[in-house]
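Enquirer: Need a 3D model of the sequence below.
(chains A and B)
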Amino acid sequence: GESVGLHLPTLSVQEGDNSIINCAYSNSASDYFIWYKQESGKGPQFIIDIRSNMDKRQGQRVTVLLNKTVKHLSLQIAATQPGDSAVYFCAENGNYKLSFGAGTTVTVRA
Amino acid sequence: DAGVIQSPRHEVTEMGQEVTLRCKPISGHNSLFWYRQTMMRGLELLIYFNNNVPIDDSGMPEDRFSAKMPNASFSTLKIQPSEPRDSAVYFCASMIQGSSNQPQHFGDGTRLSIL
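Expert: You can find the predicted model right below:
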């Protein structure tokens, strides 16, 4: 079946460095993608989204890139901070259903 | 602004007991979702409501699970009787569903432990 998955389960990054989290999706008909951040004991928190008619979108310290040719999504976090330590999920929105990837755990080293 | 509010935050009960989880969606949102999160299976959609009507309950594990949305500001997820394998974190999410894509917004979940 169709699925959304992440390339790497964990990422360790030095504070101040940039982070890149990758995600592959398999449903070529998907037209909307979302990145969520989940901290311990909390629910997934919306970070940024992108529609399939775009290939890049920027937020505050975050950038999402979409490559529809290879069905790849990435989240870039600039100047990573300790508060960025969390599990990050990409999600593919098919009408109303969100298909979540397994999640990447990001750990920021001081 | 208040986000999605879930209660209780934690629930510990013995197997066989009835469990009721509650959710208040964000005001103005017309769609509500119940999810279950476990280490083994990740985030799973259980049921989806639109304008208080259940649209898709294909993710509900079995007849022991039921969900209601009596009005636009309240929903419940009930498990009766509960079993140890129901132990998980249950999330409620809401969104505005319309002509353009919008993200779902999640509550902080109910951590359920069935002994």
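
Enquirer: Please report how far B:Met40 lies from chain A.
Expert: B:Met40 sits 11 Å away from chain A, going by C-beta to the nearest C-beta, to the nearest Å. C-beta: built from backbone N, CA, C; applies to glycine.

Enquirer: So that residue, which state does it fall into?
Expert: Assigned state for B:Met40: coil (three-state reduction, DSSP: H, G, I helix; E, B strand; the rest coil).

Enquirer: pLDDT score for it?
Expert: pLDDT for B:Met40: 84.

Enquirer: same thing with B:Glu44?
Expert: 92.

Enquirer: ok, for the most centrally placed residue in chain B, nearest residue in space, not its chain neighbours?
Expert: Nearest to the mean C-alpha position of chain B, by C-alpha atoms, centre = their mean, lies B:Trp34 at 2.9 Å. Nearest residue to B:Trp34 in three dimensions, chain neighbours excluded: B:Leu46, at 4.4 Å (C-beta to C-beta, 6 or more residues apart in numbering or on different chains).

Enquirer: The one you found against B:Tyr35, yeah?
Expert: Yes. With contact defined as C-beta atoms under 8 Å, B:Leu46 reaches B:Tyr35; the gap is 6.3 Å.

Enquirer: And B:Leu45, which helix or strand is it part of?
Expert: Assessed by DSSP states H and E, B:Leu45 sits inside strand B:42-50.

Enquirer: Pull out the buried positions in that strand.
Expert: By neighbour count with 16 or more other C-beta atoms under 10 Å in any protein chain shown, strand B:42-50 contains the buried residues B:Leu43, B:Leu45, B:Leu46, B:Ile47, B:Tyr48, B:Phe49, B:Asn50.

Enquirer: again with stretch B:70-78
Expert: B:Ala72, B:Ser73, B:Ser75, B:Leu77.

Enquirer: Spatially, which two of those are the most separated?
Expert: The most widely separated members of the buried residues of stretch B:70-78, counting by C-beta to C-beta, are B:Ala72 and B:Leu77 (16.7 Å).

Enquirer: List the contacts of the residue nearest to B:Trp34.
Expert: The contact partners of B:Leu46, taken as C-beta atoms under 8 Å, 6 or more residues apart in numbering or on different chains, are B:Phe33, B:Trp34, B:Tyr35, B:Arg36, B:Asp57, B:Gly59, B:Met60, B:Pro61, B:Phe65, B:Ala67, B:Leu77, B:Tyr90.

Enquirer: again, but for A:Leu73
Expert: Shown in contact with A:Leu73 (C-beta under 8 Å, 6+ apart): A:Asn22, A:Cys23, A:Ala24, A:Tyr25, A:Phe33, A:Trp35, A:Ile50, A:Val64, A:Leu65, A:Leu66, A:Asn67, A:Cys90.

Enquirer: Could you look up the SS state of B:Pro61?
Expert: Going by three-state DSSP: B:Pro61 is coil.

Enquirer: any idea how far it lies from B:Arg85?
Expert: Distance, B:Pro61 to B:Arg85, by C-beta to C-beta, to the nearest Å: 9 Å.
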